[in-house]
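In: show me the folded form of this:
(one chain, ligands or ions: 1)
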Amino acid sequence: MNAMTKDLSSLVKKAESHSFCGQYRQRFHLMPPVGWLNDPNGLCQFHNVYHAFFQYSPFDPQGGLKLWGHSTSTDMVHWDYQGAALFPDQPFDCTGVYSGCAFVEEDTMYLYYTGNVKLEDGDYDYVHSGREGNTVLVTSSDGSTFGRKRLLMKNSDYPSNLSCHVRDPKVWKQDNRYYMLQGARSKNDVGMAVLFSSEDKVHWKAEKEIKTPYDFGYMWECPDYFSIDEYQILSASVQGLNGGIWKDRNVYQSGYFLVEGDLTEDCQLSSYHLWDYGFDYYAPQSFQTEDGRIVLTAWMGMPDCEEYGNQPTIDEGWQHCFTFPREIFTKDGKICQRPVQELKRQITQTQKAEHSFQAEGKTAYLVSIQNILDNHFYVRLSEELILEYEQNRFQMRFANPDKNGLSAGRGIRYLDMDHIENITILADVSSVEVFVNDGEAVFSTRYYPRQYSLDIQSKGAQICFSELR
Ligand code: FRU
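Out: Predicted structure coming up:
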């Protein structure tokens, strides 16, 4: 440990020693112990344990210098915080240990991340100058101690048409070669992913740009790639989509393209589908469980979002959490999502009803509403979060977008859908995730009720309400 690591480590421990209990702390969503969390990083299952690292700023619930926090779990439901794993303690990552991934092979966990360096005191625009995005590797053989950091690539190793914004490595193995995607912004403001390849996981060569035939945003963050059944999915969090269909949506988007052909050779990208249509969803990352499931987890928050007011958890000393881990599956050619099955072990009591259901004072539950007739659906959670189907669209809306209220400034999000058949609602103390038509579309939001209530009206539907412990 160098002196810088020691100093940072004791500062983090000091920040974490202020214990608190907040009214909006979640029961089964991964949260930072204190301070700020953003992207999921290094998700993997290693020696039977699930590891989730996260972008972490323990010193201030409104963000700041980023490190990697580290939590582990044996069921993806209960997460045990293990401490800060990677500190910004080197010249190549001194202004932030930015996002990255885990790649597991032969009893070793390889963590790849971006060492962010933001230079001071210069005439910089931080797009074309004044910033470094270094690719760094750290390995671990036990999942709890992390070795020496190795600087693998600097901006000068990336294709020369790219701006300084290159980051968020995601690594996988295919046909006995290793591949890495990084998110990038070109010098002329075109968003893309860049593919690298390697024979030894250490020396990397830039292979090609992966982008749409038309310009699609100015920056792609946190690219990801996986296969599910016969589909190849390229995921990216895209900045700079404005106007038209993006007008009523979030400031940045997270979605995927279906890849036709081979990503590493010749390929074409389909149109872009959003992973989530709600208010709070960004920077998802996938990993494969040892039993072969693809699990996708995102930051249940949004960066640079002026629409929302201050989240009330800031007064409790923390901000943000992950989405509940979702298994990706396909149904009739559609890519769908559902909460990982381990959640069901949390069910304590179940009540069944038809047409309508009401409950008071419940903070954590899973409701399944099946066989919806005539698209008739209206649900109110607490005072003012409304889920409904109206004029051929499914919508999630807050009746009162007051920045100091339950919505903290959130208004309405919707998706045009010609019919709805079933809805699953997963509510935790301060979040709601809604899976429409077996998870063909998902809507996620944070919310901050003072009193909890639930009112479901859905003609003819079979309602199954399960309390979660
Ligand atoms: C996405 C992101 C990443 C970056 C990280 C920094 O939310 O901007 O591109 O690595 O967050 O915290």
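In: ends of stretch 423-433, what's the gap?
Out: Length of stretch 423-433, first residue to last, Cα to Cα, to the nearest Å: 10 Å.
In: that stretch - what's its average pLDDT?
Out: Computed over stretch 423-433, the mean pLDDT rounds to 98.
In: please name the nearest non-neighbouring residue to residue 101.
Out: Excluding the flanking residues, the one nearest residue 101 by Cβ to Cβ, 6 or more residues apart in numbering is residue 170, at 4.6 Å. Heads up, the C-betas are built off the backbone N, CA and C, glycines and all.
In: does the one you found have beta-bridge partners, and which?
Out: Bridge pairing for residue 170 (DSSP bridges) gives the partners residue 181.
In: thought it was touching residue 226?
Out: No - checked against Cβ atoms under 8 Å, the pair residue 170 and residue 226 is beyond contact range at 9.4 Å.
In: which intervals of the stretch 351-469 of the chain have sub-threshold pLDDT?
Out: Of all residues in the stretch 351-469 of the chain, none has pLDDT under 70.
In: for it, just list every one of the strands.
Out: Using DSSP state E, counting those that start in this stretch, the strands found in the stretch 351-469 of the chain span residues 365-370, 378-381, 385-390, 393-398, 412-416, 423-428, 431-436, 441-446, 453-468.
In: residue contacts, the closest residue to residue 290 other than its chain neighbours?
Out: Nearest non-adjacent residue to residue 290, counting by Cβ to Cβ, 6+ apart: residue 45, 5.2 Å away. By Cβ atoms under 8 Å, 6 or more residues apart in numbering, the contact set of residue 45 is 51, 104, 287, 288, 289, 290.
In: neighbours of the residue nearest to residue 101, how many?
Out: Neighbourhood size, residue 170 [other Cβ atoms under 10 Å]: 24.
In: that older thread, same list, the contacts of residue 45, but as JSON lines with neighbour count please.
Out: Shown next, in JSON lines, are the contacts of residue 45 (neighbours: other Cβ atoms under 10 Å):
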{"residue": "51", "neighbour count": "25"}
{"residue": "104", "neighbour count": "18"}
{"residue": "287", "neighbour count": "24"}
{"residue": "288", "neighbour count": "17"}
{"residue": "289", "neighbour count": "15"}
{"residue": "290", "neighbour count": "12"}
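In: what helix or strand is the residue nearest to the spatial centre of the chain on?
Out: By Cα atoms, centre = their mean, the chain has its centre lying nearest to residue 298, at 1.4 Å. Residue 298 belongs to strand 294-299 when assigned by DSSP states H and E.
In: what residues does the chain have near the ligand?
Out: Residues of the chain lying near the ligand by Cβ under 6 Å from any ligand atom: 38-39, 55, 66, 98-99, 114, 167-168, 221-222, 282-283, 303.
In: how about the residues you listed in CSV, adding pLDDT?
Out: Shown next, in CSV, are the residues of the chain next to the ligand (pLDDT from 0 to 100):
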residue, pLDDT
38, 98
39, 98
55, 98
66, 98
98, 98
99, 99
114, 99
167, 98
168, 98
221, 98
222, 99
282, 98
283, 98
303, 97
